[in-house]
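S.K.: Sequence first, then the predicted structure:
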Amino acid sequence: METIIRDLKKIVGEKYIKTEESMANHCTFRCGGKAAVYVVPGSIDELVQVVTYCRQKNQKFMVCGNGSNLLVRDEGFDGVMIEIGERISAIDVIGEEIEVEAGAKLSVTASVAMENDLAGMEFAHGIPGNIGGAVVMNAGAYGGEMSQIIQSVTVLDKHNQIRTLRAEELQLGYRTSIIKKENLIVLKARLSLEIGSAGEIALMMQILMQKRRAKQPLEYPSAGSTFKRPEGYFAGKLIEDAGLKGFRVGGAQVSEKHCGFVINYDHATATDVLTLMEEVRKKVREQFHVELEPEVQII
């Protein structure tokens with residue numbers, strides 16, 4: 001690993017590599033184990049170099065964004081964690097389109113759209129993730145989702161080739177895409193929006209944020225909706241009907257405000273969260289014969 005670290009420093013600079021880095025600092029759950037090596041590339045070119053190097057050396061790696069849909073087990077990750085974040089977050093407005101790098105936050109991109117009188121991203125304003133993760137998961141809320149605005153996505157494939165995929169090639173579905181299925185890495189996306197009024201767009205964003213604050217436990221660390229929506233049901237309703245509102249394991253709790261959220265109520269460990277999730281799945285399965293599938297990515 002010392003050789004790996006030395007070589008990666010040549011690509012990104014010593015300042016942007018950490019060892020034994022707590023992933024609690026990089027996940028919105030604010031818990032989890034350590035990454036053996038944590039790397040923060042400063043450009044798409046550096047990102048491609050880091051990924052290509054890791055693959056050539058058969059070094060285990062994964063990429064992360066804002067950590068808003070991620071939980072790293074307390075045992076940690078014994079490979080190279082590559083952050084696609086603020087250092088790869090350029091946003092360019094081109095007429096009614098926005099070209100945005102994968103590390104840009106959804107909320108920031110939505111605000112840039114609003115400032116340029118572009119409508120269509122209002123739903124994304126309160127989602128605490130980055131563009132890259134949003135594309136992979138086809139993130140959405142309040143009737144909107146990324147599939148409605150994506151024109152094309154530039155990715156790095158498993159052969160270290162940069163490709164641009166049109167929207168119709170992405171196989172975008174409920175919290176899935178070909179990017180997730182084929183383990184592609186999002187580099188940037190081109191979004192197609194519509195001319196609107198900044199004032200009306202801002203008002204809609206405000207209304208949606210008020211709904212979020214009223215219904216979601218935003219005052220506690222979490223990864224948003226913990227489980228995917230089962231076909232024909234709502235995860236939160238099933239969990240509440242199972243009598244699990246406020247159910248706790250250690251410092252993890254099923255939110256009393258919205259049962260679809262598992263929250264870090266009181267210095268929870270990743271093990272607390274995972275144990276609680278499994279208990280919830282078990283009780284819902286026993287009572288309603290419905291299998292809850294985690295929406296959170298567990299490492």
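M.R.: Nice, I can see it. Since the model is a prediction, treat every value here as computed from it, not as a measurement. Numbers count the residues shown, from 1 in each chain.
S.K.: which stretches of this protein have low pLDDT?
M.R.: Scanning the chain for pLDDT under 70 picks out no residues.
S.K.: show me where it has helices.
M.R.: Remark: helices assigned in the chain by DSSP state H are 2-12, 44-56, 106-115, 131-137, 178-181, 198-215, 235-241, 270-288.
S.K.: so can I have JSON lines of these showing distance to residue 149 and mean neighbour count?
M.R.: Glycine gets a C-beta too; all of them are placed from N, C-alpha and C. What follows is the helices of the chain, written out as JSON lines (distance: least, CB to CB, whole Å; neighbours: other CB atoms under 10 Å):
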{"stretch": "helix 2-12", "distance to residue 149": "31", "mean neighbour count": "15"}
{"stretch": "helix 44-56", "distance to residue 149": "21", "mean neighbour count": "18"}
{"stretch": "helix 106-115", "distance to residue 149": "9", "mean neighbour count": "20"}
{"stretch": "helix 131-137", "distance to residue 149": "10", "mean neighbour count": "27"}
{"stretch": "helix 178-181", "distance to residue 149": "16", "mean neighbour count": "17"}
{"stretch": "helix 198-215", "distance to residue 149": "13", "mean neighbour count": "14"}
{"stretch": "helix 235-241", "distance to residue 149": "25", "mean neighbour count": "19"}
{"stretch": "helix 270-288", "distance to residue 149": "31", "mean neighbour count": "18"}
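S.K.: a markdown table please, covering those helices and showing distance to residue 249.
M.R.: Formatted as a markdown table, those follow (distance: least, CB to CB, whole Å):
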| stretch | distance to residue 249 |
| --- | --- |
| helix 2-12 | 36 |
| helix 44-56 | 35 |
| helix 106-115 | 30 |
| helix 131-137 | 26 |
| helix 178-181 | 28 |
| helix 198-215 | 23 |
| helix 235-241 | 14 |
| helix 270-288 | 4 |
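S.K.: Kindly provide the distance from the nearest residue to residue 19 once chain neighbours are set aside to residue 8.
M.R.: Leaving aside its chain neighbours, residue 19 sits nearest to residue 37 (5.8 Å; criterion: CB to CB, 6 or more residues apart in numbering). Between residue 37 and residue 8 the computed distance is 7 Å (CB to CB, to the nearest Å).
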